[in-house]
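> Generate coordinates for the sequence data below:
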Amino acid sequence: MLAKASLNIRNWRKPQNRYQWVIVILLLLLVLLQGSLWLSRASVIRWLLLEVKTHQQSSANQMLINHNQKLYQIVLALRHNKQAIESIARSQLAMIKEGEMYYYVVQKSTPSQLITKANPVDYTNVLEADPVGFINALPPGQ
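Have a look, this model is predicted:
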């Protein structure tokens, strides 16, 4: 019985038909290709991670494009409307014209409230507030 089993193993190692080696080679090739597909530098996992990063970057870019468009509108308004310049000068630079009275109301505050950080000038609130309506006063085609 043992001799028969060893004969069967020997017979299995020898190709019984001409396609057996082709099948073995194709299976090895499939394993190698699957390994490179999932584990190499250009794997599916890295591709999916790059897709996520691309989506995040494109949404960040879209936010920056919207911000740039707002700034462009502000620049156009400042170029074509003197009231816009005056509005910004009055609200952020405390401009006072000759003959105007300026009242400054001081509220009681604690010493910790007196210490504040210097805020950079931000012109984006001009579009949101639009105090003098200078966005609508742009020349046609702008």
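
> which of the residues in the one helix or strand residue 59 maps to are buried?
Following DSSP states H and E, the helix or strand that holds residue 59 is helix 44-80. If you call a residue buried by 16 or more other C-beta atoms under 10 Å, then helix 44-80 has these buried ones: 73-74, 76-78. (C-beta placed from N, C-alpha, C; glycine too.)

> How many residues are close by residue 98?
Residue neighbour count, defined by other C-beta atoms under 10 Å, stands at 4 for residue 98.

> Got the confidence number for it?
Residue 98 is assigned 87 on the pLDDT scale.

> And for residue 36?
pLDDT, residue 36: 79.

> Kindly list the main-chain dihedrals of the residue nearest to it when sequence neighbours are not counted?
In space, and not counting its chain neighbours, residue 36 is closest to residue 43: 7.8 Å by C-beta to C-beta, 6 or more residues apart in numbering. The phi/psi pair for residue 43 (degrees, to the nearest 10) reads phi -80, psi 170.

> mind checking how far residue 43 is from residue 34?
Relative to residue 34, residue 43 is positioned 11 Å away (criterion: C-beta to C-beta, to the nearest Å).

> between these two, which one's more packed in?
Using other C-beta under 10 Å as the criterion, residue 43 and residue 34 rank with residue 43 on top: 14 against 10.

> how's this protein carved up into domains?
Listed domain ranges for the chain are 1-40, 42-94+123-142 (source: automatic domain parsing).

> In the chain, where is pLDDT below threshold?
1-17, 110-142 (pLDDT under 70).

> And the helices in it?
Along the chain, counting by DSSP state H, helices occupy 2-13, 20-39, 44-80, 82-93, 111-114, 124-129.

> Among the ones you listed, which comes closest to residue 105?
Between residue 105 and the helices of the chain, the shortest gap by C-beta to C-beta is with helix 111-114, which sits at 15.1 Å.

> Let me have the helices of the chain in TSV, extended by distance to residue 100.
Shown next, in TSV, are the helices of the chain (distance: least, C-beta to C-beta, whole Å):
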stretch	distance to residue 100
helix 2-13	104
helix 20-39	74
helix 44-80	22
helix 82-93	10
helix 111-114	27
helix 124-129	21
